[in-house]
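Colleague: Here is the input, now give the coordinates:
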Amino acid sequence: MLVCLFCPSICLSVCLKAVIFYSLCVSACQAEDNQNKADHLYELKMRELDQRACELQHAEEECRRAINEATKNYNLAQVFISIRKMLRIMMIGVREPKE
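Modeller: Residues are numbered from 1 along each chain as shown. Next comes the predicted model:
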C-alpha cells in the first residue's frame with residue numbers, strides 16, 4: 001500500500017483523485033470566471049457600439065436638417081429671382097402714358 005507524503009493516513013490513489021478533483025474544480029472556477037469577464041467585456045463593447053450608433057444617427061439627423069434648410073433657402077432665392085424677373089417684364093411692358 002502506498003502512502004501519501006501529505007496525508008499519511010490516506011492511500012496515494014485517493015490523494016491523487018482528490019488532487020485531480022481539486023484541479024478540475026479550480027479549472028471550472030477559472031473557466032466560469034473567464035466566461036464572466038468575457039461576458040462583461042462583450043456587454044461593454046455592445047454599449048460602446050450602441051452609443052456610437054446613437055451618435056451617428058444624431059449626426060445624420062443634423063446633416064439632414066442642414067440640407068433641408070439649405071434647400072429651402074435656395075428655393076426661396078429662386079422664387080425671389082423669378083419674381084424680380086416678372087416685375088421687370090411687367091415694368092417694361094407697362095409704360096406710363098406720355099403727357
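
Colleague: Can you tell me the element the residue positioned nearest the centre of the chain falls in?
Modeller: The centre of the chain sits closest to Leu49, judged by C-alpha atoms, centre = their mean, with a distance of 2.6 Å. Assigned by DSSP states H and E, Leu49 belongs to helix 12-93.

Colleague: Distance from the chain centre to that helix, please.
Modeller: Distance of helix 12-93 from its chain centroid, counting by C-alpha atoms, centre = their mean, to the nearest Å, is 3 Å.

Colleague: average model confidence for that helix?
Modeller: Across helix 12-93, pLDDT averages out at 88.

Colleague: so what secondary structure elements neighbour it?
Modeller: The helices and strands touching helix 12-93, judged by 3 or more C-beta pairs under 8 Å, 6 or more residues apart in numbering; DSSP states H and E, number zero. Where you see a C-beta, it was placed from the backbone N, CA and C, and this is true even at glycine.

Colleague: Okay, Asp50 and Leu56: tell me how far apart.
Modeller: Per C-beta to C-beta, to the nearest Å, Asp50 is found 11 Å from Leu56.

Colleague: Mutual contacts of those two, please.
Modeller: Shared contacts of Asp50 and Leu56, defined by C-beta atoms under 8 Å, 6 or more residues apart in numbering, are absent.

Colleague: For Asp33, give its distance to Val26.
Modeller: 10 Å.

Colleague: scratch that, Lys37 is what I was asking about
Modeller: Here Lys37 is placed at a distance of 16 Å from Val26 (C-beta to C-beta).

Colleague: Ala66 now?
Modeller: 60 Å.

Colleague: and what of Leu44?
Modeller: Leu44 sits at a distance of 27 Å from Val26 (criterion: C-beta to C-beta).

Colleague: One more: Glu62?
Modeller: Counting by C-beta to C-beta - Glu62 and Val26 are separated by 54 Å.

Colleague: Please apply the same query to Leu87.
Modeller: Noted for Leu87: a distance of 91 Å to Val26, by C-beta to C-beta.
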